[in-house]
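Peer 1: Provide a 3D model corresponding to the input given below.
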Amino acid sequence: MSIVQRNSGTFNGTSFLVAPTSGNFGVGTVLVVAVFGNTIVSTPGGWTQRTNSVVNMGLYSYDAAGAGQASITFTNSAGSGEWFVWELSAGSTWVTGQAAQAASAVTSYATPSITPSAGDRHILAVVGGNGGGLTRTVTAHSNSFVEWADLQVATQDWTFSAASDRDVTTAGGTAYSTTGTFSGATDPSGAGGITLGYVNAAAGGTTNGTASVTGAGSVTATARQSAGATVTGAGTASAVVTLQGTDTVVGAGTVTAVVRQQAGSTTTGAGLVSAGATISATASVAGVGVVSASSAGATFGTASVTGAGTVTAAAAIRSTASVAGTGATSAVVATRTTAGIVGAGTTTAAVRQSAGSTVVGAGQVAASVASVTYGTASVVGAGFVTAVAGSRITPRPNAGVTPRPGSGITVRPDTGITIRP
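Peer 2: Take a look at the predicted model:
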């Protein structure tokens, strides 16, 4: 799929919400909003206005990066109209766009022409007018544009508009627009249209079956990789949106999903397994490697690194994470189950560590910032077990210094000396 999702709606008042079809917008995607109404719309914080035409109608377009939003609030002068949102894949940058309108009673209107630069491009369009108290629809779109929404607000000026789009591969120099045919003439206050061009970063679509590369190679799907991919040698398996099947890289390799990695991934050798939002099943790296989930994400399944490695989640590691060798297991918010490190390592949770952690060798188990370590933490060798600001830690160190917060006591088990500061 070249466009992640589309949605539309109407408004009547001084604000409106733009929302996805369900759930939240993605992380790292590109959100494009077009507004067709009889009002003046303000640009929300963090958004860029790309086009506008304000005469008898207010025609606007905006874009911003997807950040997992449930909805976006737009404010406007009292009025009504329609909104349309496209969610494009990560990397779908702005190319060009135009908005225009004409004050006359017409039965069709051509959106302004744009000439995008060479490459794979999304061409997005909105066309419509004022119904003047009459029901109107857009019955056809020219130049291979495919309509996906057709709306009208039956109040005030009775604005109506429809959204359409097409994907093109252009050498540059070709102009694009679409003519919308209406079910009847518009009010004399007119008709208008918006045409937008964006890089189609998802050109290439979906890998639906197993893909295999022997040697130095790459398996890539910019929208979705929905079956296992295998790379033998130096290689990469990646998907911008979702990896739904197992990926295996033997040698130096990378397995990456920008949004979600829903099945196990294995890299043997120097490798990286990462997901921009969630790793929801087992990920394994043998050798020098990293297993990570970021952008308010989580590692929901077991992650294992053999050798020098790191297991990291920006929000939570909710299952066992194991590092053999020199490594670190960390979660910015919570480590909710056992984390084990063999060798020199660190297990850290910035807020809460709610189950046992084990470090064999020189290591440290720590929870900070008003956090709680609810389960037993054990260090075998020279190490520290530390929790601060009201923690409930049960320490079992074999060496080192263990503070017991709230007591004002420092116990040095190697000397039997108790110091009261």
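
Peer 1: make it CA atoms for all contacts and neighbour counts henceforth
Peer 2: OK.

Peer 1: paired strands for the helix or strand that contains F11, with orientation please.
Peer 2: In the assignment (DSSP states H and E), F11 maps to strand 3-18. Strand pairing for strand 3-18, determined by DSSP bridges: strand 72-88 (antiparallel).

Peer 1: got the buried residues for the partner strand?
Peer 2: N76, G79, S80, G81, E82, W83, F84, V85, W86, E87, L88 (16 or more other C-alpha atoms under 10 Å).

Peer 1: show me the shaky parts of the stretch 101-250 of the chain.
Peer 2: 204-231, 234-249 (pLDDT under 70).

Peer 1: count the residues that sit near T139.
Peer 2: 14 (other C-alpha atoms under 10 Å).

Peer 1: ramachandran coordinates for it?
Peer 2: Backbone torsions of T139, given as degrees, to the nearest 10, read phi -90, psi -20.

Peer 1: contacting residues for it?
Peer 2: Listed by C-alpha atoms under 8 Å, 6 or more residues apart in numbering, the contact partners of T139 are G180, T181, F182, S183.

Peer 1: quick one on the thing from earlier: most widely separated two among the buried residues of strand 72-88?
Peer 2: The distance between the two most remote of these (C-alpha to C-alpha) is 28.4 Å, for G79 and L88.

Peer 1: out of the contacts of T139, which sit inside strands?
Peer 2: Of the contacts of T139, the ones assigned to strands by DSSP state E are G180, T181, F182.

Peer 1: can you classify D187 by secondary structure?
Peer 2: What DSSP: H, G, I helix; E, B strand; the rest coil gives for D187 is coil.

Peer 1: give me phi/psi at it?
Peer 2: With angles defined as degrees, to the nearest 10, D187 sits at phi -60, psi 150.

Peer 1: correct me if wrong: it contacts A105.
Peer 2: Yes - counting by C-alpha atoms under 8 Å, A105 is a contact partner of D187 at 5.3 Å.

Peer 1: looking at those two, which has the bigger crowd around it?
Peer 2: Legend: neighbour count by other C-alpha under 10 Å for D187 and A105, higher for D187 (21 against 17).

Peer 1: so the closest residue to T178 other than its chain neighbours versus N52, what's the distance?
Peer 2: Of all residues not flanking T178 in the chain, S142 sits nearest, at 5.1 Å (C-alpha to C-alpha, 6 or more residues apart in numbering). Per C-alpha to C-alpha, to the nearest Å, S142 is found 23 Å from N52.

Peer 1: likewise for A367?
Peer 2: 51 Å.

Peer 1: and the pLDDT at the nearest residue to N76 once chain neighbours are set aside?
Peer 2: Computed as C-alpha to C-alpha, 6+ apart, the closest residue to N76 that is not its neighbour in sequence is V41, at 4.3 Å. Model confidence at V41, given as pLDDT, is 98.

Peer 1: okay, now V41: neighbour count?
Peer 2: The number of residues packed near V41 is 22, by other C-alpha under 10 Å.

Peer 1: right, and it touches A78 too?
Peer 2: No - between V41 and A78 there is no contact under C-alpha under 8 Å: 9.6 Å.

Peer 1: show me what the one helix or strand V379 maps to is packed up against.
Peer 2: If you go by DSSP H and E, V379 is part of strand 376-380. When contacts are defined as 3 or more C-alpha pairs under 8 Å, 6 or more residues apart in numbering; DSSP states H and E, strand 376-380 packs onto strand 357-360, strand 363-367, strand 383-387, strand 394-397.

Peer 1: among those strands, where is the model least confident on average?
Peer 2: strand 394-397 (a mean of 45).

Peer 1: picking up where we left off before, comparing A367 and N52, which residue is more hemmed in?
Peer 2: Taking A367 and N52 together and counting by other C-alpha under 10 Å, A367 has the greater number of neighbours (25 against 21).

Peer 1: does the more buried one touch S357 like I think?
Peer 2: No - the pair A367 / S357 is not scored as a contact, 11.1 Å apart, by C-alpha under 8 Å.

Peer 1: quick one on the thing from earlier: let me know the closest of the buried residues of strand 72-88 to F25.
Peer 2: Out of the buried residues of strand 72-88, the member with the shortest distance to F25 (by C-alpha to C-alpha) is E87, at 7.6 Å.

Peer 1: mind listing what the closest one touches?
Peer 2: Contacts of E87 (C-alpha under 8 Å, 6+ apart): I3, V4, Q5, R6, F25, T29, V30, L31, V32.

Peer 1: nearest to G233 among those residues?
Peer 2: When these are compared against G233 (criterion: C-alpha to C-alpha), the nearest one is T29, at 30.6 Å.

Peer 1: quick revisit: and for the strand holding F11, what's in contact with it?
Peer 2: Residues contacting strand 3-18 (C-alpha under 8 Å, 6+ apart): 19-21, 71-89, 149, 151-153, 202, 223.

Peer 1: ok, A171 - contacts?
Peer 2: Taking C-alpha under 8 Å, 6+ apart as the criterion, A171 is in contact with S117, A118, G119.

Peer 1: among those, which ones are in helices?
Peer 2: Using DSSP state H, no member of the contacts of A171 sits in helices.

Peer 1: can you select the buried ones from those residues in PyMOL?
Peer 2: To isolate the buried members of these in PyMOL, using 16+ other C-alpha under 10 Å:
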select buried, resi 117
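
Peer 1: T268: which of the contacts of A171 is nearest?
Peer 2: G119 (36.1 Å).

Peer 1: so that closest one makes contact with D167?
Peer 2: No - when contacts are counted by C-alpha under 8 Å, G119 is not listed as touching D167 (10.6 Å).

Peer 1: tilt between the helix or strand S164 falls within and strand 3-18?
Peer 2: Element membership for S164, per DSSP H and E: strand 159-170. When axes from the mean of the first three to the mean of the last three C-alpha atoms, to 10 degrees is applied, the directions of strand 159-170 and strand 3-18 differ by 150 degrees.

Peer 1: how about the CA coordinates for strand 159-170, as CSV?
Peer 2: Taking Å, rounded to 0.1, in the frame of the first residue of the first chain, the C-alpha atoms of strand 159-170 are listed here in CSV:
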residue,chain,number,x,y,z
THR,A,159,-19.9,23.9,1.0
PHE,A,160,-19.2,20.5,-0.6
SER,A,161,-15.9,18.9,-1.7
ALA,A,162,-14.3,15.6,-2.6
ALA,A,163,-10.8,14.2,-2.2
SER,A,164,-9.0,12.1,-4.7
ASP,A,165,-5.4,11.0,-5.4
ARG,A,166,-3.1,9.1,-7.8
ASP,A,167,0.5,7.9,-7.7
VAL,A,168,2.7,8.7,-10.6
THR,A,169,6.3,8.1,-11.7
THR,A,170,7.4,11.3,-13.5
